[in-house]
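> Please work out how this folds:
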Amino acid sequence: MRTAATRPADMTPTTVHSSGKSGNTDWTIVILMALGFGLVGIDRFMITTLFPVIAKDLHLDYADIGLVTGALAFAWGFAALIMGNRADRLGRRKVLTGAMVVFALLIGASGLAVGLASLILVRLTMGFADGAYTPGSIAVTLESSAPRHHGLAIGIQQMMLPLIGLGLAPLLITQLLHVIDWRWMFVLFALPGFLLAWILWRRLPKTIVVDQHRSSIADWRAVLSYRNVRIAVALMLCWLTCLMTASALLPNYLTDHVKLSFEAMGGVLSAIGLGAAVGTLFLPWLSDRIGRKPVMLLASVGGIGALWMLQSTGADPTWLFFWLFLVHFFNNAAITLTVGPLCAETVPPALMATASGVVIAVGELFGGGLAPIIAGHLAANFGIDKLLLLPMATLSLGFVLALFLIETRPVQRVK
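Below you'll find the predicted structure:
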């Protein structure tokens, strides 16, 4: 059995990267990676708040909403699997800059959709760009940070997706809909994408390629030979099922079942991003001090309890906001630890993006891709009031799986 400390002889790094091994953390690069992930968050989740409006305009039902959400997740997963390994082999700068350029070119295309088929096609394309950015950005963030800052650095980088995409965007969108058509909202974020791509190309260090003889299949087999990575794959499925189920269909849950107004729904929905942002920053930082495994167990138990209370709450926006805040406070922290420190501290440095890509791919394809489709059909056939049962079940499974993790940041090693 391999632990985080073991390193197979054939896992000689294929590339030379800048890193935080010297004890210093390059916070500029961490912030750039965070800004990029914030733009990815806008693309992925702003459509969630718009679904009640888009559904009426394009005549979509609950199952269609789940299908659109799942389409992007499927593309995200495939791109993470392939491009995570490419980032290890070709260098981070090429992959991250290219992904951001494609993102900027295509983000406005969601507003051109005229029906279900065209909307799915656009979201599939966007998912490839978003998924290509994710594992490489995680690897760059951790390479640029000292080991004692891994949790904090990845927390800063990962928090931008929920903070902007799920926290600020719902508040902004519900107000902008009074003055601008939903189609034009997707166009507003193209220029920031181009600007960030230019900065990344100039700021990220070039990667010196040493050896490219090993195949991608060998890399995937190598990372899956680690027990923590195999468990992380299953954990990511659990966390993303909760994230996507309790976000993609939640606007309709709040308006159709709880009977909130559209404006009140937008206010409650902002708890997803705000709670995720705070949890993504705080709990990974805490894991730098008490270890990764205890925080993962805490996150799963806390998420289950918050989901139970959310399901039991009526049309009270304040309490709905509070419990939804806690659901994603715990759940997104678990996602961050799973794709970040848990992978990075388990595999050799040259396979960091590959490991994250494998974990993200399985989680997105099944948790992010299939879960909203399944949830959409369950809501259509059994009632949307049953929506939260699925994430409660998957978080319970996540708790059991986390018990078998090998600790990668023991308390006695923390100074």
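> from here on, contacts and neighbour counts on C-alpha atoms
Will do.
> biggest helix in this protein, by residue count?
Ranked by number of residues, the top helix in the chain under DSSP state H is helix 27-58.
> And the average pLDDT for the helix or strand just after that one is what?
Downstream of helix 27-58, the first helix or strand assigned by DSSP states H and E is helix 62-90. The average pLDDT for helix 62-90 rounds to 79.
> same question, stretch 296-311
Mean predicted confidence for stretch 296-311 is 95.
> And for residue 302, nearest residue in space, chain neighbours not counted?
residue 330 (6.2 Å; CA to CA, 6 or more residues apart in numbering).
> does residue 95 belong to a helix or a strand, and which?
Here residue 95 is assigned to helix 92-106, by DSSP H and E.
> The residue nearest to residue 302 is in contact with residue 278, isn't it?
No: in this structure residue 330 lies outside contact range of residue 278 using CA atoms under 8 Å: 9.3 Å.
> Tell me which of these two has more neighbours.
residue 330 (29 against 22; other CA atoms under 10 Å).
> on that earlier part again, between the longest helix of the chain and helix 92-106, how big is the angle?
Orientation of helix 27-58 against helix 92-106 (axes from the mean of the first three to the mean of the last three CA atoms, to 10 degrees) gives an angle of 30 degrees.
> element containing residue 346?
Here residue 346 is assigned to no helix or strand, by DSSP H and E.
> can you give me the strands for this structure?
15-16, 208-209 (DSSP state E).
> ranking those by mean pLDDT, which is last?
If you rank those by mean pLDDT, strand 15-16 sits at the bottom with a mean of 42.
> distance of residue 380 from residue 219?
Note on residue 380: its distance to residue 219, by CA to CA, to the nearest Å, is 41 Å.
> More neighbours: the two, which one.
Set residue 380 next to residue 219 and count neighbours by other CA under 10 Å: residue 219 wins out with 18 against 13.
> ok, the more buried one touching residue 354?
Yes: assessed by CA under 8 Å, residue 219 is found in contact with residue 354 at 7.1 Å.
> joint contacts of those two?
residue 85 (CA atoms under 8 Å, 6 or more residues apart in numbering).
> Quick check: residue 281 vs residue 159, distance?
According to CA to CA, residue 281 stands 6 Å off from residue 159.
> joint contacts of the two?
With CA under 8 Å, 6+ apart, residue 281 and residue 159 have no common neighbours.
> Comparing the two, which shows the higher neighbour count?
Set side by side, residue 281 and residue 159 show more neighbours around residue 159, with 30 against 24, by other CA under 10 Å.
> If I look at the nearest residue to the more buried one once chain neighbours are set aside, what pLDDT would I see?
Among residues not flanking residue 159 along the chain, residue 277 sits closest, at 4.4 Å (CA to CA, 6+ apart). Looking at residue 277, its pLDDT is 86.
> just the one 4 residues further on next, same as before
At residue 281, the predicted lDDT confidence score is 91.
> Verify the stated contact: residue 142 with residue 156.
No: Residue 142 is beyond contact range of residue 156, at 11.1 Å (criterion: CA under 8 Å).
> Settle it for me: which of those two has more neighbours?
residue 142 (28 against 24).
> Relative to residue 25, how far out is that one?
9 Å.
> What is the least confident helix or strand in this structure?
Sorting the helices and strands of the chain by mean pLDDT, DSSP states H and E puts strand 15-16 at the bottom, at a mean of 42.
> ranges for the helices of the stretch 301-415 of the chain?
For the stretch 301-415 of the chain, applying DSSP state H, counting those that start in this stretch gives helices covering 317-339, 341-344, 352-362, 371-382, 389-402.
> next one: the stretch 151-300 of the chain
169-176, 182-185, 190-203, 216-224, 227-248, 250-252, 262-290, 292-311.
> pLDDT on the fifth one, on average?
What that stands for is helix 227-248. 88.
> try the fourth one
Helix 216-224 comes out with an average pLDDT of 85.
> Report the buried residues of it.
216, 219-220, 222-224 (16 or more other CA atoms under 10 Å).
> What ranges in the chain fall below the confidence cut-off?
By pLDDT under 70, the low-scoring segments of the chain are 1-23, 47-50, 108-115, 166-167, 170, 176-177, 181-186, 207-214, 368-369, 411-415.
> let's see 50
1-20, 210, 413-415 (pLDDT under 50).
> Next up, phi/psi of residue 340, please.
When read as degrees, to the nearest 10, the backbone of residue 340 gives phi -100, psi -100.
> pretty sure it is in contact with residue 356, am I right?
Yes: contact criterion CA under 8 Å: residue 340 and residue 356 qualify, at 7.0 Å.
> Of those two, which one has the most company?
residue 356 (31 against 27).
> hang on, that one packs against residue 345?
No: counting by CA under 8 Å, residue 345 is not a contact partner of residue 356; they are 11.1 Å apart.
> how close does the closest residue to residue 315 other than its chain neighbours get to residue 385?
In this structure, residue 315 finds its nearest non-sequential neighbour in residue 258, 5.5 Å apart by CA to CA, 6+ apart. Distance, residue 258 to residue 385, using CA to CA: 8 Å.
> before we move on, what about residue 179?
The separation that residue 179 has from residue 385, given CA to CA, amounts to 32 Å.
> Just want to know which of these two has more residues nearby.
residue 385 (15 against 7).
> list the contacts for that one?
Residue 385 sits next to 253, 257, 379 when contact means CA under 8 Å, 6+ apart.
> Surely the second one is in contact with residue 384?
Yes: the pair residue 257 and residue 384 passes the contact test of CA under 8 Å, sitting 6.8 Å apart.
> picking that back up, compare the helices of the stretch 151-300 of the chain and give me the one nearest residue 367.
Of all the helices of the stretch 151-300 of the chain, helix 227-248 sits nearest to residue 367, with 4.3 Å by CA to CA.
> quick check: angle from the closest one to helix 371-382?
50 degrees.
> How far off centre is helix 227-248?
On the basis of CA atoms, centre = their mean, to the nearest Å, helix 227-248 sits 10 Å off its chain's mean C-alpha point.
> helices and strands around that helix, which ones?
Counting contacts by 3 or more CA pairs under 8 Å, 6 or more residues apart in numbering; DSSP states H and E, helix 227-248 is packed against helix 62-90, helix 317-339, helix 341-344, helix 352-362, helix 371-382, helix 389-402.
> Now do the helix holding residue 95 against helix 62-90, angle only.
150 degrees.
> now helix 92-106 against helix 190-203, angle please.
Going by the same axes, to 10 degrees, helix 92-106 is angled at 170 degrees with respect to helix 190-203.
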